[in-house]
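Novice: Fold the stuff below for me.
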Amino acid sequence: MLNDDYLPTWFMLDGNNCDEEWPNFQLDGYGEWLWALSQHLKLAENDNDIAKYKKSIDVATEYLCCFWNYPCFNCWQEDGEKIHTSTLAAIYGGLNSINEYLNDSYIESTLKDIKQYVLDNCIEDNRLKKCTDLNSTDANLLWAATPFKLFKVNDLIIKNTVNIIEKELVHEGGVHRYPEDTYYGGGEWTILSAWLGLYYCEINEVEKAGKMLRWIESKANINGELAEQVLDNVNDDYYINKWESLWGEVASPLLWSHAMYLILLNSINKLSLLSVNNTIK
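Specialist: Predicted coordinates for the structure are as follows:
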């Protein structure tokens with residue numbers, strides 16, 4: 001099928017579709033949007049009326065319930081012929097979160113199907129693998145616990161997955177995407193360091209989360225700007241020049257990197273304050 005056979009993945013700032021030739025069949029974004037909307041509805045004081053979003057919700061939920069087990073591009077816009085565990089986690093998280101408001105039996109049935117599919121096809125040696133047919137790891141597997149809750153953060157499957165991520169992808173505090181990554185050499189990504197830090201917050205490992213935070217802060221430039229990835233420790237430095245010749249230097253500043261830093265900082269501050277209050281009591 002062609003790009004036009006699916007709902008668009010890329011949009012311009014004004015809301016119009018993006019006409020550039022990017023991979024289009026990518027489902028994780030629709031799951032992420034449903035999850036984000038549900039969080040907005042929980043947190044917003046003056047905007048908790050789900051009815052105004054019903055048309056968009058109906059389109060997104062029907063789309064995901066129909067296509068969740070189709071091969072598509074992952075969050076890195078790669079491997080469009082594979083079924084990705086992180087994509088399934090994002091779809092599950094979005095459908096599960098929004099269904100707290102909808103209580104839809106079809107969505108509930110789909111959630112059970114997704115969970116069982118992951119258990120049957122996305123686990124090797126009692127830990128999550130990158131794709132159904134690729135026994136490798138990827139830092140985006142953190143999504144399965146944080147924030148999409150496909151598994152609980154203390155589930156043995158998640159613990160084993162994080163152990164592999166720590167062993168194969170973490171260097172001092174910086175987190176690589178996956179072992180074979182050569183995009184700009186395959187450096188350490190700011191957002192993934194923050195994401196691992198958020199997982200540590202979820203299991204009350206504040207010191208480990210703080211280490212990730214300090215690593216991110218140490219990689220900001222003189223203006224306090226954070227890049228997409230840091231090239232101090234790459235998988236293959238040959239590819240740095242290759243990608244720079246195609247697209248220029250690594251994107252910086254990157255909004256996503258700054259957002260994830262602030263989310264991690266806020267999470268650590270909340271845990272630290274809770275610890276102080278418990279000590280006082």
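Novice: so where's this structure shaky on pLDDT?
Specialist: By pLDDT under 70, the weakly predicted segments of the chain are 1-4, 20-22, 45-48, 274-281.
Novice: mind listing the helices for this structure?
Specialist: Using DSSP state H, the helices found in the chain span residues 28-43, 54-67, 85-102, 105-121, 156-169, 190-202, 206-218, 238-247, 255-280.
Novice: Quick one: closest of those helices to residue 138.
Specialist: helix 85-102 (6.6 Å; CB to CB). Bear in mind the C-beta positions are built from the backbone N, C-alpha and C, glycine included.
Novice: Check which helices and strands the closest one sits against.
Specialist: Packed against helix 85-102 by the contact rule (3 or more CB pairs under 8 Å, 6 or more residues apart in numbering; DSSP states H and E) you find helix 28-43, helix 54-67, helix 105-121.
Novice: Pick the most deeply packed of those.
Specialist: Across the helices and strands packed on helix 85-102, averaging neighbours per residue (mean count of other CB atoms under 10 Å) puts helix 28-43 on top, at a mean of 18.
Novice: For that one, name the packing helices and strands.
Specialist: On a contact count with 3+ CB pairs under 8 Å, 6+ apart, helix 28-43 meets helix 54-67, helix 85-102.
Novice: circling back to that earlier point, can you say which of the helices and strands packed on helix 85-102 is nearest to residue 8?
Specialist: Among these, helix 28-43 sits nearest to residue 8 (CB to CB), with 9.7 Å.
Novice: and the angle for that closest one with helix 105-121?
Specialist: Counting by axes from the mean of the first three to the mean of the last three CA atoms, to 10 degrees, helix 28-43 lies at 130 degrees to helix 105-121.
Novice: what's the closest residue to residue 221 other than its chain neighbours in contact with, if anything?
Specialist: Excluding the flanking residues, the one nearest residue 221 by CB to CB, 6 or more residues apart in numbering is residue 252, at 7.1 Å. By CB atoms under 8 Å, 6 or more residues apart in numbering, the contact list for residue 252 reads 221, 225, 226, 227, 228.
Novice: Return the member of those residues nearest to residue 181.
Specialist: residue 228 (12.6 Å).
Novice: circling back: reformat the helices and strands packed on helix 28-43 as TSV; add distance to residue 136.
Specialist: Below are the helices and strands packed on helix 28-43 laid out as TSV (distance: least, CB to CB, whole Å):
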stretch	distance to residue 136
helix 54-67	24
helix 85-102	11
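Novice: For residue 80, give me its contacts.
Specialist: Contacts of residue 80 (CB under 8 Å, 6+ apart): 23, 25, 71, 72, 73.
Novice: give me that answer again for 10 Å
Specialist: Applying CB atoms under 10 Å, 6 or more residues apart in numbering, we find residue 80 in contact with 23, 24, 25, 26, 71, 72, 73, 74.
Novice: now residue 162
Specialist: Taking CB under 10 Å, 6+ apart, one finds 127-128, 137, 139, 141-142, 145-146, 153, 170, 196, 199-200, 203 in contact with residue 162.
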